[in-house]
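J.: generate a structure from the sequence data that follows.
(2 chains)
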2 protein chains.
Amino acid sequence: MAITLPGQTLRGVAAKLRQLSYVPTSWQGVLAGLNADGREQLQTFFDELVLEGGTPQLIAKVLEHLADQREALQLERDAWSFVWSGPEPAHAKTADTFATVDQLIQHAESSLLIATYNIGLSSQFQDLLKSIADRLESGQIQRVELFFHPIQIADRLGTEPLKTIRQWFDKDVWPWPTKPLAYVDQRLSSGSAERCYQHSKVVVADADTNRSSALVTSANFSETAQRHNFEAGWLVRQPWRADQVANHFHEMVQEGLFVAI
Amino acid sequence: MAITLPGQTLRGVAAKLRQLSYVPTSWQGVLAGLNADGREQLQTFFDELVLEGGTPQLIAKVLEHLADQREALQLERDAWSFVWSGPEPAHAKTADTFATVDQLIQHAESSLLIATYNIGLSSQFQDLLKSIADRLESGQIQRVELFFHPIQIADRLGTEPLKTIRQWFDKDVWPWPTKPLAYVDQRLSSGSAERCYQHSKVVVADADTNRSSALVTSANFSETAQRHNFEAGWLVRQPWRADQVANHFHEMVQEGLFVAI
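T.: Have a look, this model is predicted:
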């Protein structure tokens, strides 16, 4: 029978076992406070070990190792949050998209990677971008990468699309002096007839650090999307997972599929 | 030192321990084939247990319990896949969105829940919808729920929006006789001036069964999105996680935020 008790419970039982110098006639005292299922799991396990000569001290040690494993599993599970937005009362029940994005941005300590289709130009969104620009300028964060589709000017990119996008970006999207690294789909620069876009929606904070977190969502990086639409995504606060997302974008840049403007 | 070896390795070592009737002078034979880090983890652990009177039989039993835990963790990790699409060669490296959606649909055994903003009407997409209709009609699956925004007719919903959407849906989206449950944002029926939409993109297969899987992505349920755009999402093949997503939609229906057409 696999043990499914939380690490903390196992550590509590181990502490009680450490006070025993002999195998008790009953485990009742040691297992007091556990529910029936938990008691059964551990009783069976203890009996198995005692049959092989296990002492309370040894069993305590083993429980602590099992607690390490249970905690690793819990950490893995807790790393994921379903992030949702929609009209009230839907909001209250799960993590809200805008709040999540705002927190990722404000708590970032080294870098931000943001991918969106539509890069919103509402005043609320401009405030958010300015807060990033301020943090970049003051050195609170060192690296900002933006991947977006210039939907607002998509029908007037002219003969030098990247130059047009750059001018629009510097004037309308990011007028502040310290600029982020900004990327668009390579197909825009080649004037491809395909109507295909950078449509992924991602925010990665602090990639390649032990704080790395990533939100992958349906929500564009714009005020309306995050406040009023129904949107769904997953936030993962686990460095290797979040880095997997950031690395994917970096590979796309290396392969020339995204180009800097 | 927490043990981080895979379950299979621990089971292999346990099998070797079971062949011993006494504590060996060296663990070298038992740990042959492990790398230095693995050997160190287990040597330390074995020495701790032997100090407390542990025999090879007892240690084998403990290793099997640890293997259960390591396998549970691995299962948790393997449950998640980063699902991406984009132009080649980006495609080849991670699970492709369209292939993932197609697989979820074709392998569903009881139900499908699909949320999209734009419900595509291309021939490839119509083939996909027809395959769902066929499976629903033949009883291979019992329940199909669609959540979408009727973008194609959004500017001509008239005074009876739900009726207009229903007629369009039955004619242009789903002309086959066995209909799915179809839902739209309640704000459409009330003629709200807010420009807000069902924008989440989700496919859940076999919710509330032990096969339940969910894809949460940026990709609309339409051909172009899944084949050519850059899109990012997570597939989770773990029942309680996937059910969390489906349940969320069912709660939204119960709360009247989505209404059946």
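
J.: from B:Leu58, how far out is A:Asp102?
T.: 53 Å (CB to CB, to the nearest Å). In this view, the C-beta of every residue, glycine as well, is placed from N, C-alpha and C.

J.: next one: A:Leu113
T.: Separation of A:Leu113 from B:Leu58 (CB to CB): 50 Å.

J.: A:Asp102 and B:Leu58: who's more crowded?
T.: B:Leu58 (24 against 14; other CB atoms under 10 Å in any protein chain shown).

J.: identify the residue spatially nearest to the more buried one, adjacent ones excluded.
T.: Nearest in space to B:Leu58, with sequence neighbours left out and distances taken as CB to CB, 6 or more residues apart in numbering or on different chains, is A:Glu52 at 3.7 Å.

J.: A:Gly233: neighbouring residues, count only.
T.: For A:Gly233, using other CB under 10 Å, the count is 31.

J.: dump the residue contacts of it.
T.: A:Phe82, A:Val83, A:Trp84, A:Thr97, A:Lys201, A:Leu215, A:Val216, A:Thr217, A:Ser218, A:Ala219, B:Val216 (CB atoms under 8 Å, 6 or more residues apart in numbering or on different chains).

J.: can you list the residues of the stretch 51-200 of chain A near chain B?
T.: A:52-55, A:57-58, A:61-62, A:65-66, A:68-70, A:72-73, A:76-77, A:80, A:82, A:84, A:86-87, A:89-90, A:93-94, A:115, A:117, A:147, A:185, A:187, A:194-200 (CB under 8 Å from any CB of the partner chain).

J.: what about A:Ile59, which SS state?
T.: Recorded secondary structure, A:Ile59: helix (DSSP: H, G, I helix; E, B strand; the rest coil).

J.: B:Tyr22 versus that one, what's the distance?
T.: Here the criterion is CB to CB. By it, A:Ile59 lies 21 Å from B:Tyr22.

J.: ok, which stretches of the stretch 151-261 of chain A are strands?
T.: For the stretch 151-261 of chain A, the strands defined by DSSP state E, counting those that start in this stretch cover A:181-185, A:201-205, A:213-217, A:231-236, A:258-260.

J.: which one of those strands lies closest to B:Gln254?
T.: strand A:231-236 (17.3 Å; CB to CB).

J.: what's the angle from the closest one to strand B:231-236?
T.: 70 degrees (axes from the mean of the first three to the mean of the last three CA atoms, to 10 degrees).

J.: quick one: strands adjacent to strand A:231-236?
T.: Neighbouring strands of strand A:231-236 in its sheet, by DSSP bridges, are strand A:80-85 (antiparallel), strand A:213-217 (antiparallel).

J.: make TSV out of those and add mean neighbour count and mean pLDDT.
T.: Formatted as TSV, the strands paired with strand A:231-236 follow (neighbours: other CB atoms under 10 Å in any protein chain shown; pLDDT from 0 to 100):
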stretch	mean neighbour count	mean pLDDT
strand A:80-85	22	92
strand A:213-217	28	97
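
J.: now, of the residues of the stretch 51-200 of chain A next to chain B, which are buried?
T.: For these, a burial check counting by 16 or more other CB atoms under 10 Å in any protein chain shown picks out A:52, A:54-55, A:57-58, A:61-62, A:65-66, A:68-70, A:72-73, A:76, A:80, A:82, A:84, A:86-87, A:90, A:94, A:115, A:117, A:147, A:185, A:187, A:196-200.

J.: so how many other residues sit close to the nearest residue to A:Met252 once chain neighbours are set aside?
T.: The spatially closest residue to A:Met252, leaving aside those adjacent along the chain, is A:Phe258, at 5.0 Å (CB to CB, 6+ apart). A:Phe258 has 25 neighbouring residues, counting by other CB under 10 Å.

J.: look up how far A:Glu251 lies from A:Phe258.
T.: Taken as CB to CB, the span from A:Phe258 to A:Glu251 is 10 Å.

J.: next one: A:Gln244
T.: According to CB to CB, A:Gln244 and A:Glu251 sit 11 Å apart.

J.: cool, and A:Leu112?
T.: From A:Leu112 over to A:Glu251 (counting by CB to CB), the distance is 18 Å.

J.: who has more neighbours out of those two?
T.: A:Leu112 (23 against 15).

J.: picking up where we left off before, A:Ile59 and B:Tyr22: who's more crowded?
T.: A:Ile59 (26 against 7).

J.: pLDDT at that one, what is it?
T.: At A:Ile59 the predicted local confidence, pLDDT, stands at 97.

J.: what sits against it?
T.: Counting by CB under 8 Å, 6+ apart, A:Ile59 touches A:Ala14, A:Leu17, A:Phe46, A:Leu49, A:Val50.

J.: mind telling me what element the second one is part of?
T.: Secondary-structure element containing A:Leu17, defined by DSSP states H and E: helix A:7-18.

J.: by contact count, what packs against that helix?
T.: Packing contacts for helix A:7-18, counted by 3 or more CB pairs under 8 Å, 6 or more residues apart in numbering or on different chains; DSSP states H and E, involve helix A:56-78.

J.: okay, A:Arg11: pLDDT?
T.: 98.

J.: okay if I get the strands of the stretch 151-261 of chain A as TSV plus distance to A:Ser131?
T.: Converted to TSV, these look like this (distance: least, CB to CB, whole Å):
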stretch	distance to A:Ser131
strand A:181-185	17
strand A:201-205	13
strand A:213-217	17
strand A:231-236	19
strand A:258-260	23
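
J.: identify the bridge partners of the residue most central in space within chain A.
T.: Most central in chain A under CA atoms, centre = their mean is A:Val236, positioned 2.7 Å from the mean C-alpha point. The residues listed as beta-bridge partners of A:Val236 by DSSP bridges are A:Trp80, A:Ala214.

J.: report the contact partners of it.
T.: Contacts of A:Val236 were listed using CB under 8 Å, 6+ apart, and they are A:Ala79, A:Trp80, A:Ser81, A:Ser213, A:Ala214, A:Val216, A:Ala242, B:Trp234.
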